[in-house]
Each structure stands twice: as structure tokens, then as C-alpha cells.
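Student: Generate a structure from the sequence data that follows.
(chains A and B)
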2 protein chains.
Amino acid sequence: MGQRFEPTIENADAKGRVVLVCEHASHAIPAAWGDLGLPEAARMAHIAWDPGALDVARGLMRRLDAVLVHAPVSRLVYDCNRAPDMAGAMPAKSEVFDIPGNAAIGAAERLARTEAIYLPFHTGLHGVLMRRVALGLRPVVVTVHSFTPVYFGRPRAVEFGVIHDADPALAMAIRDNAARMTRLNAALNAPYSAADDVTHTLRVQATPYGLPNAMLEIRNDLIADAGAADAMAEMLAPVINMGVAEIQKQARAS
Amino acid sequence: MGQRFEPTIENADAKGRVVLVCEHASHAIPAAWGDLGLPEAARMAHIAWDPGALDVARGLMRRLDAVLVHAPVSRLVYDCNRAPDMAGAMPAKSEVFDIPGNAAIGAAERLARTEAIYLPFHTGLHGVLMRRVALGLRPVVVTVHSFTPVYFGRPRAVEFGVIHDADPALAMAIRDNAARMTRLNAALNAPYSAADDVTHTLRVQATPYGLPNAMLEIRNDLIADAGAADAMAEMLAPVINMGVAEIQKQARAS
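Tutor: Presented below is the predicted three-dimensional model:
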């Protein structure tokens, strides 16, 4: 058994219902994978991580008294929001960038990365959630992502996307609250949706347990430094809080 | 952290596609839980385990060259086919039996049992499945159960039930093959169905990954000793094999 890259768990004893997840928190490539054949600029770009997402997630964690679980390794080595047999788990190409170190991954290497990164991440997150379920706390799963303002040369107008999987209730509540309470250009299932296979964590960790869930996507030019990320968290915390309160009310009424 | 009851994994390097799961293989109650206030007859009855299921599963394992994952603890302590917040996870009553040791379980005890039994079981099974997914093997998940011939005083006519969750393809193929190739009284979604919350393992371990899956239920009077259980495995192995071949053919055609 090789090295295992356990997720980082912050504020584990949080009193709030929300468990924040940041699969793309880090651009770190452990030594075993060298530089994947990429220049530094590519290893720091949005293909390697979600710039600003961890800063926003930490801001939300403090304001919502939420748990935060985040992955310590770049998604170029293993994207924890993808199953081991998905092409995007260890992508050979991401947007316009070829990733030489992922061009010819054999079965043994896919297995090694799955054991080193994917399994520890999802086992750790599963433990956090199930311990709260056992205590009767019914956690709410919110994943925090950022997206690039220009993709394949095209600018994206949306600023805040909220994506759902099988259960849309929380995502719809958050989107509606954002449209009402902020000046953000907020949209449901943008800039992509579950049909693009981007909701793996929700599907695995929330849907089978009936836990309310949503995936947040923030355009990364709006959270380019720590101050901007914290201002975004300040804006989004009440939006999420109210969304959670609304679905609780719906659940009690039904 | 207390004692962890890891699942038993047999034939881990199996060449076949099927991963067999037996959540109710054992009636063992670890010392920490005493006898749960039950007389021996109740601790050996179907409320404590699925009599014969492990013997059938082992017979299938040999004939299908399948992996087998089974739980080492009675479902009276923790039913690994239930999430930690389901009433059936640590039942205070099962059919006509009260379970005194489960009558007043507080949050700390629910958490302790979840950590000791549920999390190791599902983490172990998840690892088996994801390692195969990483290797490109696309495992097929088949859970093996038995049911009591008389329930709340009523005899049950069905002998072999096949239960599905969101994806019915494999369950339907196995039921049809059983009706054609055996003399068993075979039925779909009997003696109960996913609506009764009995498909937790399928929902958590198979559906989110798009893995073919089915839950088998065998009336336990037909597998009351090792010889009868092995004869049942001999009868069901080709039924399952052909079902897996059929859904592979369907997948290639689509």
C-alpha cells in the first residue's frame, strides 16, 4: 500500500448543519507525479484546481459554523469529483491543455491514484457525513467550486451557478435567494450541469442518503484574492442559510 | 476510537465480474453488546441474520469466480443494509420480537455502532468495487439474502425474489431466467421491494457508479443446511451468469 492523501477536515465539531466540500481546493502535485510534464503556468491554472474556492469555503465555514472537507492534491493527478472510470478522473486533456503525464495511464497507475487519492477522500467525507447522520443531525452537503471566466476562448456571463443532481430543492432555493438578495448574475445548472457528469460527489455522498445538497460554482475572477473571496463568502452565507431554512420548512410541511 | 468490525473479503482476486455481498451473513453478537436481552432462540432466528445466505453466496462465489464481501456481526447490533438514521439499522422490534438491548439507544450509542460496524463494512465494500472500477472491470453487484417462510403468521409462496432499485435490468433478467431455467416460484420485487427501504447497499454502492446490480432473496426453508444451500447455488449460478451476459449484450447494443 502506497502513500494515502487524506482529506483535510476543518471545524469537525461544527454546530451548523452544512458540510462544505472542496474537491478542487489544491493545485499541489505530490513528488511521485513530478510536474506531469506541464509548465508552471499550467500547473497553477484553473485546470489544476479551482482558484479561490477554498478561500470562499473557509469564509462560509466560519459564517455558517460548517464542517469543511477538502482534497489536498491537484485534480490533474486525480479529480475527486469523478469516479475512477470517468475520463475526467485523470484527464489527458483539459480545456486547451494537453497533460503529458496523463497521456498514457495504464490500469496499475489508475489503481494507484484511486487508492492514493480518491478512496481516502471519499472515505473521509463519508465518515464525516455518516457520523452526523448517526447523531440525528441530517447534514446538508454543499460543494464549493470556481470556474474560469473564459473557456475555449469564450467569455462566460454567469457569475454564480448552482447545480443540482436528483434533488433540486436546495439548489433552486439558493439560486432564487442569490437573485433576490445579491447583484450576482445567478443561474441554475450553469455554466454546466449534472448531464456533464460534474455532480459525482453529490450522487455518491448525498443522494443515496436523502441528504439535501447543492453544488456552487463561482466565477474565479470575482474571488481572485483573499479579500474578494471573503467578501463573496459574506454575500453568500445568508443566501445559503436562508436556502437551508426554506427546505427545512418544506420538509416539515410535507 | 473503539473496535472496528471489518467485513470479511473472500476470493479478492476473482476473475469474474460479480461482487457478491452478504450483509446478514452472521448472527454473531460481539461481547460489548452482551445478548441484547434476547433468549438464544431469538439470537439464532431470522431476525438476527439470513440463515443459509452465506452458504449460498459461497457456492455462487466458487461457481462464478466472484468476490464475496460479508459482514461479521448480527444485524440486530447494526444492519449494514440500512443507513444510520433508518429505524431498521438498530431495530427495537423485528417482526414479533422485541429487542430489549435496542429499546433505548441514545445518540452516542448509535454513533458507536455506526463507527464500529457500518463504516468499516461500507468502506471495505467500496474499496473492493472502486479498485475494480479503476482497473476497468465494471463490477456487477449482487447482494444475497434469505427470508423467513412465515412472517407475522402468514406463509409466503414465493421461493426466489429478485429486487431492484433504480436500474431494473439485471434483476429482470435474473427473474426471467429463473422462471425459465428452474422450477422455483420466482418473482420480481417480492417478498418486499425498494419501497420498503431494503436496497440501501445497492443505492450506495452500485447506482451512483452506474454498476449493474440486483438483490437476491431466497426462502430460507429451501437452504436449511449446507447441502441444500449448495444445490441452490448450483441452480442459481447459470441463472445469474446468463443475466450478466444479457445485460452486457444490451449495453453493447445501445
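Student: Excluding chain neighbours, what is closest to residue A:216?
Tutor: residue A:144 (5.2 Å; CB to CB, 6 or more residues apart in numbering or on different chains). Yep, even glycine has a C-beta here, placed from its N, CA and C like the rest.
Student: So that neighbour is in contact with residue A:60, correct?
Tutor: Yes: counting by CB atoms under 8 Å, residue A:144 sits close enough to residue A:60 to count as a contact (7.0 Å).
Student: Please state the mean pLDDT value computed over the helix or strand in which the residue nearest to residue A:216 is found.
Tutor: When secondary structure is defined by DSSP states H and E, residue A:144 falls within strand A:140-147. When the per-residue pLDDT values of strand A:140-147 are averaged, the result is 98.
Student: Show me what it packs onto, helices and strands only.
Tutor: strand A:18-22, helix A:53-64, helix A:200-205, strand A:213-219 (3 or more CB pairs under 8 Å, 6 or more residues apart in numbering or on different chains; DSSP states H and E).
Student: Show me what from the stretch 151-254 of chain A comes close to chain B.
Tutor: A:200, A:203-204, A:207-209 (CB under 8 Å from any CB of the partner chain).
Student: ok, which stretches of the stretch 1-150 of chain A are strands?
Tutor: Under the criterion DSSP state E, counting those that start in this stretch, strands of the stretch 1-150 of chain A are mapped to A:8-10, A:18-22, A:67-70, A:93-94, A:97-98, A:140-147, A:150-151.
Student: contacting residues around the last one?
Tutor: Contacts of strand A:150-151 with the rest of the structure, by CB atoms under 8 Å, 6 or more residues apart in numbering or on different chains, involve A:95, A:156, A:191.
Student: rewinding a little: closest to residue A:173 out of the strands of the stretch 1-150 of chain A?
Tutor: In this view, these are compared for proximity to residue A:173 by CB to CB, and strand A:140-147 is the closest at 11.0 Å.
Student: Just want the angle from that closest one to strand A:213-219.
Tutor: Between the axes of strand A:140-147 and strand A:213-219, defined by axes from the mean of the first three to the mean of the last three CA atoms, to 10 degrees, the angle is 20 degrees.
Student: and strand A:140-147, how far out from the chain's middle?
Tutor: 4 Å (CA atoms, centre = their mean, to the nearest Å).
Student: quick one: it to strand A:18-22, angle?
Tutor: Following the same axes, to 10 degrees, one obtains 30 degrees for the angle between strand A:140-147 and strand A:18-22.
Student: Now residue A:65. Nearest residue, chain neighbours left out?
Tutor: Across the structure, with CB to CB, 6+ apart as the measure, the residue nearest residue A:65 apart from its sequence neighbours is residue A:16 (3.9 Å).
Student: Just to check, the one you found is in contact with residue A:68?
Tutor: No: no contact is recorded between residue A:16 and residue A:68 when judged using CB under 8 Å, the distance being 10.9 Å.
Student: now the helices: where do they sit in chain A?
Tutor: If you assign secondary structure with DSSP state H, the helices in chain A sit at A:40-43, A:53-64, A:107-113, A:119-134, A:169-181, A:200-205, A:226-253.
Student: Please name whichever of those helices is nearest to residue B:103.
Tutor: It is, among the helices of chain A and with distance given as CB to CB, helix A:119-134, at 17.8 Å.
Student: how far does the closest one sit from the chain's center?
Tutor: The chain centre lies 15 Å from the centre of helix A:119-134; the measure is CA atoms, centre = their mean.
Student: what's next to it, contact-wise?
Tutor: Here helix A:119-134 has contacts from A:4-7, A:9, A:12, A:19, A:21, A:23, A:67, A:69, A:71, A:80, A:138-139, A:141, A:201, A:204-206, A:209, A:211, B:83-85, B:107, B:110-111, B:113-115, B:118-119, B:122-123, B:126-127, B:130, using CB under 8 Å, 6+ apart.
Student: higher neighbour count, residue A:16 and residue A:68?
Tutor: Set side by side, residue A:16 and residue A:68 show more neighbours around residue A:68, with 26 against 19, by other CB atoms under 10 Å in any protein chain shown.
Student: Quick one, grab the pLDDT at the more buried one.
Tutor: Predicted confidence (pLDDT) at residue A:68: the value is 98.
Student: From what I see, it and residue A:58 are in contact.
Tutor: Yes: distance between residue A:68 and residue A:58: 6.6 Å, which falls inside the contact criterion (CB under 8 Å).
Student: what sits in contact with each of these two?
Tutor: By CB under 8 Å, 6+ apart, the residues touching both residue A:68 and residue A:58 are residue A:10.
Student: Next up, the contacts around residue A:152.
Tutor: If a contact means CB under 8 Å, 6+ apart, then residue A:152 has A:95-96 as its contacts.
Student: That one and residue B:185: what is the separation?
Tutor: Using CB to CB, to the nearest Å, we find residue A:152 at a distance of 58 Å from residue B:185.
Student: Correct me if wrong: residue A:20 contacts residue A:69.
Tutor: Yes: counting by CB under 8 Å, residue A:69 is a contact partner of residue A:20 at 7.2 Å.
Student: mind checking how far stretch A:158-168 is from the chain centre?
Tutor: Per CA atoms, centre = their mean, the displacement of stretch A:158-168 from the mean C-alpha position of its chain is 12 Å.
Student: That stretch: end-to-end distance?
Tutor: The distance separating the two terminal residues of stretch A:158-168, taken as CA to CA, to the nearest Å, comes to 19 Å.
Student: So what pairs up with residue A:69 in the strands?
Tutor: With DSSP bridges as the criterion, residue A:69 is bridged to residue A:9, residue A:21.
Student: For it, the count of nearby residues, please.
Tutor: If you count neighbours by other CB under 10 Å, residue A:69 ends up with 30.
Student: Next: residue A:28.
Tutor: Taking other CB under 10 Å as the neighbour definition, residue A:28 ends up with a count of 14.
Student: mind listing what residue A:23 touches?
Tutor: By CB under 8 Å, 6+ apart, the contact list for residue A:23 reads A:70-71, A:75, A:79-81, A:121, A:143, A:145, A:201.
Student: Which two of those have the greatest separation?
Tutor: The most widely separated members of the contacts of residue A:23 are A:121 and A:145, with 15.0 Å between them, by CB to CB.
Student: before we move on, the earlier item: list the strands paired with the strand holding residue A:144, with their directions.
Tutor: As defined by DSSP bridges, the strand partners of strand A:140-147 come to strand A:18-22 (parallel), strand A:213-219 (parallel).
Student: Including mean neighbour count and mean pLDDT, could those strands go into CSV?
Tutor: CSV is the format used below for those (neighbours: other CB atoms under 10 Å in any protein chain shown; pLDDT from 0 to 100):
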stretch, mean neighbour count, mean pLDDT
strand A:18-22, 27, 98
strand A:213-219, 26, 98
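Student: close enough to count as contact, residue A:174 and residue A:216?
Tutor: Yes: under the criterion of CB under 8 Å, residue A:174 lies in contact with residue A:216, with a separation of 7.4 Å.
Student: pLDDT below threshold where in chain A?
Tutor: Scanning chain A for pLDDT under 70 picks out A:1.
Student: how does it look with 90?
Tutor: When residues are selected by pLDDT under 90, those of chain A lie in A:1-2, A:87, A:94-97, A:151-153, A:196-197, A:249-254.
Student: what sits against residue A:166?
Tutor: With CB under 8 Å, 6+ apart as the criterion, the residues that contact residue A:166 are A:203, A:207.
Student: please redo it, this time with the cut-off set to 6 Å
Tutor: By CB atoms under 6 Å, 6 or more residues apart in numbering or on different chains, the contact set of residue A:166 is residue A:207.
Student: Residue A:145 pairs with what?
Tutor: With beta bridges defined as DSSP bridges, residue A:145 has these partners: residue A:217.
Student: Surely it touches residue A:219?
Tutor: No: if you go by CB atoms under 6 Å, residue A:145 and residue A:219 don't touch, sitting 10.5 Å apart.
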